[in-house]
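In: can't give you the sequence, but here's the structure:
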């Protein structure tokens, strides 16, 4: 059964999955990372790769991975990341999994990619420009470390999660932006001497590679679905 599940995976995807998990585990051993750090990095990698393939299973693994990321963020004092997980990521993921389950390409067992209206994209982007300042002052109230970077992390994460729930390839672009922000977020304390966080940093670096691949794969899937003239159960905004 496991062999059948991986039958539609490319050599790149399988190689990236195996090597990514190996790197995550080895980095944790070499730099004395915690078990939770290792679980977060490994599960997040699996989640991201499944998402890049358009698999609805990404949400089920994702629920577990964001739980561990919330613990890692709390331990480091990144309350912005913790607030994202509790109040934004989980609710958006619930909406997303419902929409993904309703819109499946049964032949290829992937999600039907959605084309958003320019109006919806404009409203979504402009709302986050305004909400950035709300995030900023909330995080300031909680004495969050690296305040500006943490606020940017919230914005890019919310945008990525929203566009993913809406089945738009814009989610991958936002995830790439979020990867750079998170890499910066964890790199700063590592430069400051906390090398035990290196296993955590490995996560977003691997995710960056995955999300770059995902932008290509979603464009490919969207073209295939366009040629098949697939329709979705989408609510236009």
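Out: Ah, there it is. None of the values given here were measured: they were computed from a predicted structure.

In: ok, and the closest non-adjacent residue to residue 64?
Out: The shortest distance from residue 64 to any non-neighbouring residue, by CB to CB, 6 or more residues apart in numbering, is to residue 43 (5.7 Å). For the C-beta atoms, the positions are set from N, CA and C on the backbone; glycine is no exception.

In: Low-confidence regions, the chain specifically.
Out: Applying pLDDT under 70 to the chain flags residues 1-3, 76, 80-81, 84, 231-237.

In: All the strands of the protein, residue numbers only.
Out: Ranges of strands in the chain, per DSSP state E, are 104-105, 110-111.

In: hang on, the earlier thing: how far away is the residue nearest to residue 64 from residue 180?
Out: According to CB to CB, to the nearest Å, residue 43 stands 21 Å off from residue 180.

In: dump the residue contacts of the residue nearest to residue 64.
Out: 61, 64-65, 68 (CB atoms under 8 Å, 6 or more residues apart in numbering).

In: Let's see if you can find the most crowded of the residues you listed.
Out: Among the contacts of residue 43, residue 65 has the most neighbours (other CB atoms under 10 Å), with 22 neighbours.

In: check contacts around it.
Out: 40, 43-44, 46-47.

In: do the same with residue 218
Out: Residue 218 makes contact with 52, 54, 113, 169, 172 under the criterion CB under 8 Å, 6+ apart.

In: Looking at those residues, which one is closest to residue 91?
Out: residue 172 (21.1 Å; CB to CB).

In: Can you report how many residues lie near that closest one?
Out: Residue 172, neighbours per other CB under 10 Å, totals 25.

In: ok, now residue 49?
Out: By other CB under 10 Å, 25 other residues sit near residue 49.

In: go on, the one 3 residues further on?
Out: Residues contacting residue 52 under the criterion other CB under 10 Å number 24.

In: again, but for residue 31
Out: For residue 31, using other CB under 10 Å, the count is 18.

In: what would the contacts of residue 218 look like in JSON lines with distance to residue 36?
Out: What follows is the contacts of residue 218, written out as JSON lines (distance: CB to CB, whole Å):
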{"residue": "52", "distance to residue 36": "24"}
{"residue": "54", "distance to residue 36": "29"}
{"residue": "113", "distance to residue 36": "34"}
{"residue": "169", "distance to residue 36": "32"}
{"residue": "172", "distance to residue 36": "27"}
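
In: Identify the farthest-apart pair in those residues.
Out: Maximum distance among the contacts of residue 218 (CB to CB): 12.1 Å, for 52 and 113.

In: buried ones in the biggest helix by length in the chain?
Out: Identified as the longest helix of the chain according to DSSP state H is helix 198-228. Neighbour-count burial for helix 198-228 flags 198-208, 210-211, 213-215, 217-218, 221-222, 225 (criterion: 16 or more other CB atoms under 10 Å).

In: Next: stretch 144-153.
Out: 144-147, 149-153.

In: now do stretch 8-18
Out: By 16+ other CB under 10 Å, the buried positions in stretch 8-18 come out as 13, 16-17.

In: just stretch 59-75 next, same as before
Out: 59, 61-62, 65-73.

In: what's the distance between residue 159 and residue 166?
Out: For residue 159 relative to residue 166 (CB to CB), the value is 11 Å.

In: again, but for residue 24
Out: From residue 24 to residue 166 the distance is 29 Å (CB to CB).

In: higher neighbour count, those two?
Out: Taking residue 24 and residue 166 together and counting by other CB under 10 Å, residue 24 has the greater number of neighbours (25 against 21).

In: show me the contacts for the residue nearest to that one when sequence neighbours are not counted.
Out: Distances taken as CB to CB, 6+ apart place residue 41 nearest to residue 24, at 4.2 Å, with adjacent residues excluded. By CB under 8 Å, 6+ apart, the contact set of residue 41 is 24, 27-28, 199-200, 202-203, 206.
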